[in-house]
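Novice: Structure of the sequence below:
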Amino acid sequence: MTRELAFIERLRALATHPAARDLKDDCAVLEVGAETLILTHDMLVEGIHYLPGADRADVAWKLVATNLSDLAAKGAEPLGVLLGHMLGPADADFLRGLEEVLGHYGVPLLGGDTTSGGPPRADGLTAIGRATFSPVPSRSGARPGDALYLTGPVGAAMAGFEALRDGTGEDSTAYRRPMARLTEGRALAPHVTAMMDVSDGLLLDTARMARASGVTMSLDTASVPLACPSAHLSAALRWGDDYELLFTAPAVTVLPLAVFRVGTVLEQAGAPLLLDGVPLSEEDGLGYEHG
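Specialist: As a prediction, the model looks like this:
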């Protein structure tokens, strides 16, 4: 078990409120009167989530978009964000990127905090949303017989990272400025049995969804859409940062948008994931995990 997973296991003893969903989801789901609020918080750390010396405008964009992606997986409408920012060089660039991304999504900044520190630099963001459909989608609702879907290709962020790292000059937008699938999430929420965003790698996130749902998921690599050469398939399946939506729905469901069917949900059979029939689990290096 990684340090991250061990720490989260300890936190579960404290996260006893029903809104915490036993810390097995990406968001808290808090009922307040007639409304259901969706709350999430993510951090970006220099040298881990982005390259040292990255354009601070891009860092601000990625910070907001990755948090809104969690809201997208709940079919939520964003209401606002709270920013935790570490002051340092190029703060003007960070503010420019923040203005751009908030304007793009039409999301207000509601407050937050600033501090000194670093290097490395770290920033955090809390995103607040409103549920548009009940029950709010979770990781844990997939059922045997469901189909497994992706909203779009994987591998674009990996290619963008490599372009930046190697200085090739090729397009790196997908890595620097990912897009949250908010419109798609709201459209899909009434139809899905489980949904999450692909942030830590398709294989790892599929295994996590399968384990949360108490099923085994069979993934067909030939059906996975790629945004990079097929020679990079193995790496693309394990790379994070694509932020497409991974979801399950009954195979007979008529979905409201064009998506890619990439697998099938099976009865639980030992390993949470079958990749072209080969059983795999989280211990097999399926994607990115901290520590």
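Novice: residue ranges of the helices in the protein, please?
Specialist: Per DSSP state H, the chain has helices spanning 3-11, 56-72, 91-105, 156-166, 173-176, 182-188, 202-213, 233-238. These are given in chain order.
Novice: by contact count, what packs against the last one?
Specialist: Think helix 233-238. The helices and strands touching helix 233-238, judged by 3 or more Cβ pairs under 8 Å, 6 or more residues apart in numbering; DSSP states H and E, are helix 202-213. The C-beta positions use only the backbone N, C-alpha and C, and glycine is treated the same way.
Novice: Contacts made by the helix it packs on with the rest, please.
Specialist: Defining contact as Cβ atoms under 8 Å, 6 or more residues apart in numbering, one finds that helix 202-213 is touched by 24-25, 138-143, 148, 150, 154, 194, 196-199, 216-217, 219, 224, 236-238, 240, 242, 246, 248, 263, 265, 272-273, 275, 280-282, 286-289.
Novice: that older thread, now the helices of the chain in CSV, with distance to T115 and mean pLDDT?
Specialist: As requested, the helices of the chain are exported to CSV (distance: least, Cβ to Cβ, whole Å; pLDDT from 0 to 100):
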stretch, distance to T115, mean pLDDT
helix 3-11, 22, 83
helix 56-72, 15, 98
helix 91-105, 12, 98
helix 156-166, 27, 95
helix 173-176, 25, 97
helix 182-188, 29, 98
helix 202-213, 31, 95
helix 233-238, 34, 93
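Novice: Can you tell me which of these is nearest to T126?
Specialist: If you check each of the helices of the chain against T126 by Cβ to Cβ, helix 56-72 wins as the nearest, at 7.4 Å.
Novice: Can you give the distance of the worst-scoring helix or strand of the chain on mean pLDDT from its chain's centre?
Specialist: One helix or strand of the chain scores below all others by mean pLDDT, DSSP states H and E: helix 3-11, with a mean of 83. Taking Cα atoms, centre = their mean, to the nearest Å, one finds helix 3-11 lying 19 Å from the centre of the chain it belongs to.
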